[in-house]
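Q: give me the fold of what follows.
(2 chains)
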Number of protein chains: 2
Amino acid sequence: MTPPTTATGTSATTRSPADLPALDDDGRRRLTELAADLRVRAISMSAAAGSGHPTSSMSAADLLAVLATRHLRFDPDAPDRLGNDRLLFSKGHASPLLYAVLDSMGALSGRLEGFDGVDDAYRRLDSILEGHPTPRVPGVPAATGSLGLGLVIGAGLATAHRLAGLDEPHVWVLCGDGELAEGAIWEAAEHLGTAAMPGITALLDVNRLGQTGPTRHGWDVDAYATRFAAFGWRTITIDGHDVDEIDGALAEARTHDGPTAIVARTVKGRGATETADENGKHGKPLDDPDAAIAELGGRRDLSITPLAPTLVDGPPWAPDDPSARSDDGPSGAVELPRWDVGDPVATRDAFGAAIVAVGAARPDVVTLDGEVKNSTRLDDFADEFDGRFIQSYIAEQLMTGMAIGLQASGWRPVMATFGAFLARAADVLRMASISRADLTVVGSHAGVSIGEDGPSQMALEDVSMMRALADSTVVCPSDANQTAALLPQLIDRPGISYLRTLRQETPVVHDADTGFRIGGSTMLHGQRAPVATIIASGQSVHDALEAARRLDADDVAVQVLDAYSIKPLDEEAVLDAARSSRRLVVVEDHRREGGLGDAVASTLARHGVAPGTGGTGMVHLAVDTVPASATPAEQRRRAGIDTAAIIDAIGS
Amino acid sequence: MTPPTTATGTSATTRSPADLPALDDDGRRRLTELAADLRVRAISMSAAAGSGHPTSSMSAADLLAVLATRHLRFDPDAPDRLGNDRLLFSKGHASPLLYAVLDSMGALSGRLEGFDGVDDAYRRLDSILEGHPTPRVPGVPAATGSLGLGLVIGAGLATAHRLAGLDEPHVWVLCGDGELAEGAIWEAAEHLGTAAMPGITALLDVNRLGQTGPTRHGWDVDAYATRFAAFGWRTITIDGHDVDEIDGALAEARTHDGPTAIVARTVKGRGATETADENGKHGKPLDDPDAAIAELGGRRDLSITPLAPTLVDGPPWAPDDPSARSDDGPSGAVELPRWDVGDPVATRDAFGAAIVAVGAARPDVVTLDGEVKNSTRLDDFADEFDGRFIQSYIAEQLMTGMAIGLQASGWRPVMATFGAFLARAADVLRMASISRADLTVVGSHAGVSIGEDGPSQMALEDVSMMRALADSTVVCPSDANQTAALLPQLIDRPGISYLRTLRQETPVVHDADTGFRIGGSTMLHGQRAPVATIIASGQSVHDALEAARRLDADDVAVQVLDAYSIKPLDEEAVLDAARSSRRLVVVEDHRREGGLGDAVASTLARHGVAPGTGGTGMVHLAVDTVPASATPAEQRRRAGIDTAAIIDAIGS
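A: Residues are numbered from 1 along each chain as shown, chains lettered A, B, ... in the order given. Have a look, this model is predicted:
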C-alpha cells in the first residue's frame, strides 16, 4: 500500500471536534484535491480489477471528501469501535470510493496482506475488498449491493446509538438516486421521519443516470426533497460538487433534531470527459483510465484524518463477568418457563414466555415486531421491556434491516412476525447472511394448520427460504418445553437462526428436563423393532404420535422421530431410523420442496441409503396445492398430512 | 342465498352512467341503510364462521356502499369481463365487506352451491369465500391478504386498461391505514404518481387502529395526504362516513387525469357500541353480534345495482384464430432464433433474442424490467416493442405486482431482473401463486459464476424460492438453443414459470432441433456402461462435460444428464441414471438446499433408490459458504463445484 500523505486538517494526529477549522480557500483547495484524488483512485481500482463502478463513485467523491475530512468522527485504528460515527454505502456498488476513503484514513492498514495495495486487492480472490462492501472490511457495518437497504439498516444503527444512550455518534448513509424507487427506502423514511430520529443523515447522490438510462426523476432534486419532507425529514438541497454547500449541509445535518436528507445534485462520472454525465458508462472501467487520471491532475495518494470520536466505554449491557459471553453464551443464567407434559400450549405462547425470561437475564436482547405482537406473542416482552422493544409496524424490510443494524452494534435482536410475511424480507435476510449477521428470526402461524384465515397467512415456504440461507439454523419445535429450551441457543448462535412456531395449541410431549440441542432430535414412542419410523416436526409430530398410537392397536410398531432441528438435521438419527425401519414416512406442514422432506432425502441420498424395504421408498407427505379456508383438521386432511394420511402411508 | 331486494338506484335493471341521479335525501337515506346492512352482513358472516374481520369491514362500509351503488361500473353477470371497473381489496381481511357487496349485486349467484348463502359459506371448506379474497371469487382480480400489495397490483390493472386502449374502466383499490407502512405501497405511489396514471383511485380507510393498537399516524389523515401528494397524487381528505363527501370524492377521482388518493377518516367497528373505535376488537367476531345487528337496525338484505360498463369487444390481442390460444399455445407460430453448436452464447442473450421473436408473434406478451434490461437482455424487446415494455425501475415488488395485474387482464407478462433480486419480490410471488397467476419470471446472473461482483449479485437461493411456490415451473438451461426452445413453453404454461439464465457465455451444446420440453432432460456424452452419471443444469453442465471429456482419457466412462427442467424434474431419467451408474454426482451453482440436488435426492428417496454402488451415496456439489469476489473460474473452484471437484467426486 502506498503510504498516504496528509491532504487536509491541521496535523496527521487525530483531532478533536473543537479543532475543526473554518473552511478557507486553502481548505477548499485541499478538499477539491482530495475529491479528485478519490476519483483517481476509483478509476485506478476499477481499471486494475477490470470491473467495478468508477462513475458511480465519481459522482459522490466531493460528498465523501468533505464528510470524511470535516464531519465524520471515526477512529481509523479501531474502525468498528462503539462511539464511532457509522458510514454505510447503501449504493454498495460505489465500493471503490468507500475503499479509497478508508484507505486514505489508514483503516485498511494491515488488512490487505498478499496484495500490493488497494488497486491490487480490489475484487480479487481472498481479498476483503469485494465488488460490494461487506463487514469483512473494517468500518463497514453491513453488506450492501442489493439496492435500497441503506436506510433500513441505518435505522437500526441509529436506534442502537439511542438504546446505548449515545448522543454523539452519527449515522451517514450514502444513497443513489436510482435506489430511491425501492419501497424499503420509504419504510425507513416513514419510521425515522415520524419518530424524528436524530443522529442519521441520508446523502442522496442524485447523479441522474441509472444502470440502463435516466432515472425516473433525473436531476429533479426537488422531487426527492418533497418526498422526504413529506415523511418528516429535514431536507437540504445542494450542489453535490460545491464543497461549501456540502460542508454547510453536513454541519446542519449533524445538529438537527431529526433525520436529514441531503439531496445533492451530482454528475455521474464527474471529473473525466469520457464519463461525465455520459449514459452507458455504468458499472465498467473507463476506456482510457490514464487520460481520465491525467485530466484529474494525476494520483496524489492524499491522506484523510477524520475527527476523533469521544471515547466510549463498553456497551451498556456488558456483563460483569466476561465469561457470560463465552462459547456457551449466557443461556445458563436464564430461568426458562416450564410446562407439564399433557398441557395444551401453543409454541408461540411458549416463545412469548421464554423471550420474557431471556429478556430478564439478557440486557443485550432487543426485540422487533411487525405490528402483530399479539399474534407472535411478543406482547409480554413489549410490556415488560418496552425500552428494548421496537415497533416496526407493518414493514418487514424495515424490521429486518433494523435487526441487521442493531446486531452490528452488539445487540442481539430477535424479530418476530407471521412466518408467511417473512417472505417480504427475503432479500434483506439474504443480505443479512452475506453480512454474517447474528439474528434470531421467529415466524409464527406455521402451515395449513392455522385454519380458516387461508393461504395468504400460512407459512408454507418459510422453511425452504430460511434453510437456503448460508450458515442458517432452522428449528420447528413440537411443544412448549422444546421451544423454550431452544430459544436461548438460537439467540447465542452465530448466523441467522429461525424459530418456526405454531398458532394452535399442541400438548406438551417433552419433559422440561429433556435435553434439546440444535442439531438434535428426540425419539418418541420408541420401539424395539419398529415397522415404521415417522419423521416430523412441529404440528406433524402430534399427528404422527396419534397415528402411532392407533397403529399400536393393530400391533404395528411405529416410532416417531421429532426432528425439531431441520438445519442442521440430526443425520445420524435419520440414517438409523431409515436403516432400522421397513417403512419411512416424512410428514410436514410445509410445501413439498425445500423443507424437512428434502433435508431427509438429501441425507439418505448422500449416504446411499434406500429407505423402505423392497424399494418402497420414503413416503413424503407435504403440501402440494394452494389451500383455501377450512378448519385446521380439515386443512391437514385435505393436504394429505393428517393422522389418517400417515396411517395410510404406513399401511400402503 | 337470501334473494336480495332493491336498496338504491332507480330500478333493478342495469343503469347507464348517464342515469346516475343526483344524491338527494332519499338517496342518502338509502345509502346509509345500505352501509348499515353491509355492516350487519359482515358481523353476521364473521359470527357464523367464528372468525373473520368484521370491524375492519365496518369502517369501510360507507365507502363501499357509495362506490358500488353510484360509481362502480360493473356487470354482476360477467364479473371478470373486460370493460368492468376493477375493485381490489388491498386490505384483504375486510373480505366480509367485499363478499357482502358482491352478494348484494348478485355476483355470487350460483357460485355457493352446497351452502345456504354467504353466511354459511364464509371461511368454510370447499367454499370460494375464503378468509382473504382470491380470484376464485367472481370479480376479484388477485389474491390479497398479505398487506400492502393492492396498489402494485392495481398499477398492473390500470396499465392493462391503458395497453388495451380503454379509457372508461377504473381501478378502485381499498387500502387500510396500517398497511401504508409497507414499502410496496410507495413503490406504486411513485410509479403511478410520476406517470400521472389516470384511471386508478386508492381509497384509504384510515380507521386509526391496527391489529395490536393505534397505527403510526392514528387519525392524522393529513399525514397520509401529504405523503401521497408528494408522490404526485391528487388527494382528497374526507369523512369516510359522510355519503355526500364520499360521493363527491369518488366522482372527482374518476375524472381526474392522474391517480387519486381518497383519504377517509373512519371509525373501526363503526355502527356498534361494542366495537366502535375500540382497541382489541381486530380480527375476531363480535362478543354479541345480535346486539350489534339490532343496533344497526337489523338485517335488510338490500341489493345493489351497479352502473353498467360500456360493452367492450374482446382484447386487442385476440388472435383471429381462436385455436391459437389452445392447449399447445401459439408457440408454434414463433420463429425462434437458432445457434450453431459450439457458438459461445450466454443464455441471457438467448433469452433476449428469443423474447423478441416471441414478441413479434405474440401481441399478448408484455415485459417488465427492474432497471437492469441491459443485464437481463430485455433491452432489444424494449426497443422493438416499447408499447409493451414496462419500466418498473428498481422496485421488484412493483414489477411483480404489475405482472399480476396484467395477467389478470389477459396479458402474458414476462418479468426479468437479476435472479438474486427476485428475493425482493418473494412475498409478491407467493401471493401470485395463491392468485393462480400465470406469469413468466426470468432471473439472470445465476450463481457464483458471475464472478467479481460478489455475493450480493449472485442468484444462489433463487431455485429454492421458485421451486417452493405452488404449481411453479423451474428451468435452468445450459445453452442458447435450449433457452429459446423453452421460453414459449414457459409463457404458455399455467402458473409461475421461472427461467434462470447465465451471465457468462457457454458453448452451444444442443442442436437447435433437439426437442426440449418442460419436465424433460437431455443425456449428453452418452455411454453404454457408464461408471458415473453427472446430473447438472446451466453452467454446471459445461463443467460436467469437461470432466467427462477428461475422464475419457483415463477410460472412465461418464455421462452427463442435462436436467434443465428442475421442476418438474425428469424423474424417470434421474432414476435410470442412478440405477445404471456406479457413481452419481449432482452439481449445481446454487446453495445446497432447495435446488437441483434436493430435487434429485427427493426423487431417489421416494423411489427407494440408493445411489452409488456399495453405499457410496450421491455426491452433491453445491455452494455452502458465502462467496466473495473472484473470477468465475476461481469462484467455482472455491465453491467446490468446478470440473476438478467433479472429477474428484467421481474418483473418490
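
Q: now the closest residue to chain B within the stretch 151-300 of chain A, nearest residue through space, not along the chain?
A: Residue of the stretch 151-300 of chain A nearest chain B, by CB to the nearest CB: A:Gly183 (2.1 Å). Glycine gets a C-beta too; all of them are placed from N, C-alpha and C. Nearest residue to A:Gly183, sequence neighbours excluded (CB to CB, 6 or more residues apart in numbering or on different chains): B:Gly183, at 2.1 Å.

Q: A:Cys175 too?
A: In space, A:Cys175 is closest to A:Ser90, 4.5 Å off (CB to CB, 6+ apart).

Q: what about the residue nearest to A:Gly183, how many neighbours?
A: Neighbourhood size, B:Gly183 [other CB atoms under 10 Å in any protein chain shown]: 28.

Q: ok, now A:Gly114?
A: Number of residues near A:Gly114 (other CB under 10 Å) recorded here: 10.

Q: and if you look at A:Thr310?
A: A:Thr310 is flanked by 14 other residues according to other CB under 10 Å.

Q: list the contacts of it.
A: Residues near A:Thr310 by CB atoms under 8 Å, 6 or more residues apart in numbering or on different chains: A:Arg73, A:Gly83, A:Glu168.

Q: just checking: the least confident one among those is which?
A: On pLDDT alone, A:Gly83 ranks lowest of the contacts of A:Thr310, at 91.

Q: for that one, which non-adjacent residue is closest in space?
A: Spatial nearest neighbour of A:Gly83, excluding adjacent residues (CB to CB, 6+ apart): A:Val312 at 3.4 Å.

Q: test my guess that A:Arg234 contacts A:His256.
A: Yes. Here A:Arg234 reaches A:His256: they are 5.1 Å apart, a contact under CB atoms under 8 Å.

Q: mind listing what's buried in the lengthiest strand in chain A?
A: In chain A, with assignment by DSSP state E, the single longest strand is strand A:583-591. Buried positions in strand A:583-591, judged by neighbour count with 16 or more other CB atoms under 10 Å in any protein chain shown: A:Arg583, A:Leu584, A:Val585, A:Val586, A:Val587, A:Glu588, A:Asp589, A:His590, A:Arg591.

Q: for stretch A:475-482, same thing?
A: A:Val475, A:Cys476, A:Pro477, A:Ser478, A:Asp479, A:Ala480, A:Asn481, A:Gln482.

Q: in a strand, the last one, correct?
A: Read it as A:Gln482. No. Using DSSP: H, G, I helix; E, B strand; the rest coil, the secondary structure at A:Gln482 is helix, not a strand.

Q: next up, the contacts around the residue nearest to A:Cys175.
A: By CB under 8 Å, 6+ apart, the residues touching A:Ser90 are A:144, A:147-151, A:153-154, A:173-176, A:179.

Q: and what of A:Glu571?
A: A:Glu571 is in contact with A:Thr603, A:His607, counting by CB under 8 Å, 6+ apart.

Q: list phi and psi for it.
A: Backbone torsions for A:Glu571, taken as degrees, to the nearest 10, come to phi -60, psi -40.

Q: same check on A:Ser497?
A: For A:Ser497, the backbone dihedrals (degrees, to the nearest 10) come out as phi -110, psi 130.

Q: my guess is it contacts A:Val442, does it?
A: No. A:Ser497 is beyond contact range of A:Val442, at 9.4 Å (criterion: CB under 8 Å).

Q: give me the number of residues near the nearest residue to A:Ser456 once chain neighbours are set aside?
A: Excluding its sequence neighbours, the residue lying closest to A:Ser456 (CB to CB, 6+ apart) is B:Gly145, at 2.8 Å. For B:Gly145, the tally of surrounding residues (other CB under 10 Å) stands at 25.

Q: equivalent analysis for the one 5 residues further on, please.
A: Other residues within reach of B:Gly150 by the criterion other CB under 10 Å amount to 30.

Q: the residue nearest to A:Ser456 in helix, strand or coil?
A: At B:Gly145 the chain is in coil, as set by three-state DSSP.

Q: that one reaches B:Gly92, doesn't it?
A: Yes. Under the criterion of CB under 8 Å, B:Gly145 makes contact with B:Gly92 at 3.9 Å.

Q: how many residues are close by A:Gly50?
A: Neighbours of A:Gly50 under the rule other CB under 10 Å: 12.

Q: again, but for the one 10 residues further on
A: Residue neighbour count, defined by other CB under 10 Å, stands at 32 for A:Ala60.

Q: might one say that it is in contact with A:Ser95?
A: No. Counting by CB under 8 Å, A:Ala60 sits too far from A:Ser95 to count as a contact (11.6 Å).

Q: pull out the buried residues from stretch A:98-112.
A: A:98-108, A:111-112.

Q: which residues touch it?
A: By CB under 8 Å, 6+ apart, the list of residues contacting stretch A:98-112 from outside reads A:1, A:4, A:7, A:34, A:37-38, A:41-42, A:45, A:57, A:64, A:68, A:74, A:76-77, A:79, A:87, A:89, A:117-118, A:120-122, A:127-129, A:133, A:137-140, A:301-306.

Q: quick one: end-to-end length of it, please.
A: Separation of the first and last residues of stretch A:98-112 by CA to CA, to the nearest Å is 15 Å.

Q: and that stretch, how far out from the chain's middle?
A: In this view, stretch A:98-112 has its centroid 25 Å away from the chain centroid, taken as CA atoms, centre = their mean, to the nearest Å.

Q: could you find the closest non-adjacent residue to A:Ala630?
A: Nearest one to A:Ala630, counting by CB to CB, 6+ apart, is B:Leu125 at 3.9 Å.

Q: ok, now which ones touch the one you found?
A: Contact analysis of B:Leu125 by CB under 8 Å, 6+ apart lists A:Ala628, A:Ser629, A:Ala630, A:Thr631, A:Glu634, A:Arg638.

Q: may I ask which of these has the most neighbours?
A: Highest neighbour count within the contacts of B:Leu125, by other CB under 10 Å: A:Ser629, with 28 neighbours.

Q: was I right about it contacting B:Ile128?
A: No. A:Ser629 lies out of contact with B:Ile128 (CB under 8 Å); the separation is 9.4 Å.

Q: what's near enough to touch the most centrally placed residue in chain A?
A: Residue closest to the average C-alpha location in chain A (CA atoms, centre = their mean): A:Ala432, at 2.7 Å. The contact partners of A:Ala432, by CB under 8 Å, 6+ apart, come to A:Ala142, A:Thr400, A:Ala403, A:Ile404, A:Leu439, A:Leu469, A:Ile496.

Q: just checking, A:Met569 touches A:Ala599?
A: That one is not Met; residue A:569 is Leu. Yes. Counting by CB under 8 Å, A:Leu569 does reach A:Ala599; the two are 4.8 Å apart.

Q: for these two, indicate the residue with more neighbours.
A: The neighbour comparison of A:Leu569 against A:Ala599 (other CB under 10 Å) goes to A:Ala599, with 29 against 21.

Q: and that one, what's its pLDDT?
A: 98.

Q: can you report phi and psi for it?
A: Main-chain torsions, A:Ala599, degrees, to the nearest 10: phi -60, psi -40.

Q: ditto for A:Trp172
A: The phi/psi pair for A:Trp172 (degrees, to the nearest 10) is phi -110, psi 120.

Q: that one and A:Leu87 touch, don't they?
A: Yes. Counting by CB under 8 Å, A:Trp172 touches A:Leu87, with 5.2 Å between them.

Q: intersection of neighbour lists for those two?
A: With CB under 8 Å, 6+ apart, A:Trp172 and A:Leu87 have common neighbours A:Leu67, A:Leu72.

Q: OK, contacts around A:Gln527?
A: Contacts of A:Gln527 (CB under 8 Å, 6+ apart): A:Ala557, A:Val558, A:Gln559.

Q: which one of those residues has the most neighbours?
A: Counting neighbours by other CB under 10 Å, A:Val558 leads the contacts of A:Gln527 with 26 neighbours.

Q: now do the nearest residue to it once chain neighbours are set aside against A:Leu524, distance only.
A: Using CB to CB, 6+ apart and skipping residues adjacent in sequence, the residue nearest A:Val558 is A:Ala548, 4.2 Å away. With distances taken as CB to CB, to the nearest Å, A:Ala548 is found 8 Å from A:Leu524.
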